[in-house]
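Engineer: sharing a model that was predicted from the sequence below.
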Amino acid sequence: MRVLPAMIYLDHHATTPVDARVVEAMRPYFREDFGNASSATHRFGWRAAAAVEIAREQVAAAIGAQDPREIVFTSGATESDNLALQGAFEAAGGRGHIVTVATEHPAVLETCAALERRGARVTRLPVDADGFVSAKAVARAITDDTVMVSVMAANSELGTVPDLGAIGEITAARDVLLHTDAAQAVGKIPFDVDANGVDLVSISAHKLYGPKGIGALYVRRRRRASRQRIRLTPLLYGGGHEGGLRAGTLPVPQVVGMGRAVALAVTERETEALRLGALRDRFYADLTDQVAGVTWNGPPAGSGRLPANLHVSFEAVDAAALVAALSDVALSTGSACASGTGEPSPVLAACGFLPERIRGAIRIGLGRDTDDAAIASAVRRIGEEVARLRADSPANARSRSSPGVQ
């Protein structure tokens, strides 16, 4: 039987392993406390419902929500994005204007495209070379019929963290809803719904060491300016679950796991952010020591970037070939949701990167299991494969075969 090499996992933006403490919290709800949280006539249902409400409180506390009822459990951030965008558009009568950003996750951009086909007008704002959108550009884009502005809290490729607070002040003043996909932000950087001025927040458990298949949408009870109730039209009907916004029997083990994962991530966030930021900087320093022609992509290290994110381009290297060659190192060339398309990263293209720089770009996401030894091994393996790919490139082959070349 073929023995596979030990893997170094550096794709934590795509997903994370479920923390052992989360698994333990979930375990009783598969067998002993297996009740339906909507079963109100016996203790199996009561115990399940109580566990769900504890998780709801944990998620609310993690983002500074004042009322746990503002947390709606979904299947993940993609569903949350759809519920926020489609729900707000339909609640506005199926007409109006949406403002978003060219570097958003496909769950936002493709939903906006679908709404355009249903009559919505969509403005996609440009970004600068580091992936930042200008708050002034948001202000200029808002019109009298703008229903929502949607800006990601942390970019899943470049790790860019925009100034949501400044954008939130603008949207509040115009009484426009502000939605953010915070799947990469919650539990990794400080995030508070009031400080950021957001009305709807999409969260995913599997990005912060929780189980897959569970997420949440924060829905502020009332608009910040007019104090009118925020209303969404649900995507699913049947049963009136989650305050009427999301039908379907709640997956209690996953809900419990999400609550525990979010609570742990927030508790350990500051210490882990310092550790991962230092590891990321060391990774880049060691990589540039061993490999020539490496370019840092995205914002400099600091408050405007996720601490665990490193994005680089290699000169004269096809990143897809590099990732394929690194059979013992798991990383990616971009967002996991777009990695199977074979198309150049739209995020990097929106930042104005030249095709050669995009072609040689890889995303490295560090995590709880990343240590000095993993970084040393990864840098060595990346250096080996970059050297091999450059040596085998057609340009080098032509150079070696040219007359007069020794």
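Structural biologist: Thanks, I have it. Residues are numbered from 1 along each chain as shown.

Engineer: look through this protein and tell me its longest helix.
Structural biologist: If you go by DSSP state H, the chain has its longest helix at helix 252-290.

Engineer: right, and the helix or strand after it?
Structural biologist: Going down the chain from helix 252-290, the next helix or strand is strand 294-296, by DSSP states H and E.

Engineer: was I right to think E90 contacts P234?
Structural biologist: No. E90 lies out of contact with P234 (CB atoms under 8 Å); the separation is 9.0 Å. C-beta here means a position set from N, CA and C on the backbone, and glycine is covered the same way.

Engineer: element containing V72, please.
Structural biologist: Assigned by DSSP H and E, V72 belongs to strand 71-74.

Engineer: immediately after that strand, which helix or strand?
Structural biologist: Using DSSP H and E, the helix or strand that follows strand 71-74 in sequence is helix 77-91.

Engineer: what sits up against that next one?
Structural biologist: 72, 74, 95-96, 98, 105, 107-108, 111-112, 114-115, 118, 120, 147-148, 150, 177, 179, 181-183, 200-204, 207, 215-217, 219, 231-235, 245-246 (CB atoms under 8 Å, 6 or more residues apart in numbering).

Engineer: redo that, cut-off 6 Å
Structural biologist: With contact meaning CB atoms under 6 Å, 6 or more residues apart in numbering, helix 77-91 is reached by 74, 107-108, 111, 115, 120, 147-148, 177, 179, 181, 183, 200, 202, 204, 215, 217, 231-233, 235.

Engineer: could I get the buried residue list for it?
Structural biologist: Buried residues in helix 77-91, counted by 16 or more other CB atoms under 10 Å: 77-91.

Engineer: likewise stretch 276-286?
Structural biologist: By neighbour count on 16+ other CB under 10 Å, the buried set for stretch 276-286 is L276, G277, L279, R280, F283, Y284, D286.

Engineer: I'd like the average pLDDT over it.
Structural biologist: Mean per-residue pLDDT for stretch 276-286: 98.

Engineer: repeat that for stretch 36-52.
Structural biologist: Here stretch 36-52 scores 95 as its mean pLDDT.

Engineer: export that stretch as CSV, just CAs?
Structural biologist: Only the C-alpha atoms of stretch 36-52 are listed here, as CSV (Å, rounded to 0.1, in the frame of the first residue of the first chain):
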residue,chain,number,x,y,z
ASN,A,36,-35.6,18.2,18.3
ALA,A,37,-35.3,21.7,19.6
SER,A,38,-38.8,22.5,18.4
SER,A,39,-40.4,19.6,20.4
ALA,A,40,-41.9,21.6,23.3
THR,A,41,-43.8,18.7,25.0
HIS,A,42,-41.0,16.7,26.6
ARG,A,43,-37.6,17.0,28.1
PHE,A,44,-35.7,15.7,25.0
GLY,A,45,-36.9,18.8,23.2
TRP,A,46,-36.4,21.1,26.2
ARG,A,47,-32.8,20.0,26.6
ALA,A,48,-32.1,20.5,22.9
ALA,A,49,-33.8,23.9,22.9
ALA,A,50,-31.8,25.0,25.9
ALA,A,51,-28.5,24.0,24.3
VAL,A,52,-29.5,25.9,21.1
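
Engineer: residues making contact with it?
Structural biologist: With contact meaning CB under 6 Å, 6+ apart, stretch 36-52 is reached by D33, G35, T249, L250, V252, V255, V256.

Engineer: what's the burial count for the nearest residue in space to the third one that is not next to it in sequence?
Structural biologist: Pointing back at T249 there. Excluding its sequence neighbours, the residue lying closest to T249 (CB to CB, 6 or more residues apart in numbering) is N36, at 5.8 Å. As a burial measure, N36 scores 14 neighbours (other CB atoms under 10 Å).

Engineer: and N36, which of the three is it?
Structural biologist: coil (DSSP: H, G, I helix; E, B strand; the rest coil).

Engineer: what separates it from H241, distance-wise?
Structural biologist: Noted for N36: a distance of 10 Å to H241, by CB to CB, to the nearest Å.

Engineer: which residues are contacting the strand holding V72?
Structural biologist: By CB under 6 Å, 6+ apart, the surrounding residues in contact with strand 71-74 are 56, 59-60, 80, 215-219, 242, 245-246, 255.

Engineer: okay if I get those residues as JSON lines plus distance to K188, pLDDT and secondary structure?
Structural biologist: What follows is the contacts of strand 71-74, written out as JSON lines (distance: CB to CB, whole Å; pLDDT from 0 to 100; DSSP: H, G, I helix; E, B strand; the rest coil):
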{"residue": "R56", "distance to K188": "21", "pLDDT": "98", "secondary structure": "helix"}
{"residue": "V59", "distance to K188": "15", "pLDDT": "98", "secondary structure": "helix"}
{"residue": "A60", "distance to K188": "18", "pLDDT": "98", "secondary structure": "helix"}
{"residue": "S80", "distance to K188": "17", "pLDDT": "98", "secondary structure": "helix"}
{"residue": "G215", "distance to K188": "15", "pLDDT": "98", "secondary structure": "strand"}
{"residue": "A216", "distance to K188": "16", "pLDDT": "98", "secondary structure": "strand"}
{"residue": "L217", "distance to K188": "19", "pLDDT": "98", "secondary structure": "strand"}
{"residue": "Y218", "distance to K188": "17", "pLDDT": "98", "secondary structure": "strand"}
{"residue": "V219", "distance to K188": "22", "pLDDT": "98", "secondary structure": "strand"}
{"residue": "E242", "distance to K188": "25", "pLDDT": "94", "secondary structure": "helix"}
{"residue": "L245", "distance to K188": "26", "pLDDT": "95", "secondary structure": "coil"}
{"residue": "R246", "distance to K188": "25", "pLDDT": "96", "secondary structure": "coil"}
{"residue": "V255", "distance to K188": "21", "pLDDT": "98", "secondary structure": "helix"}
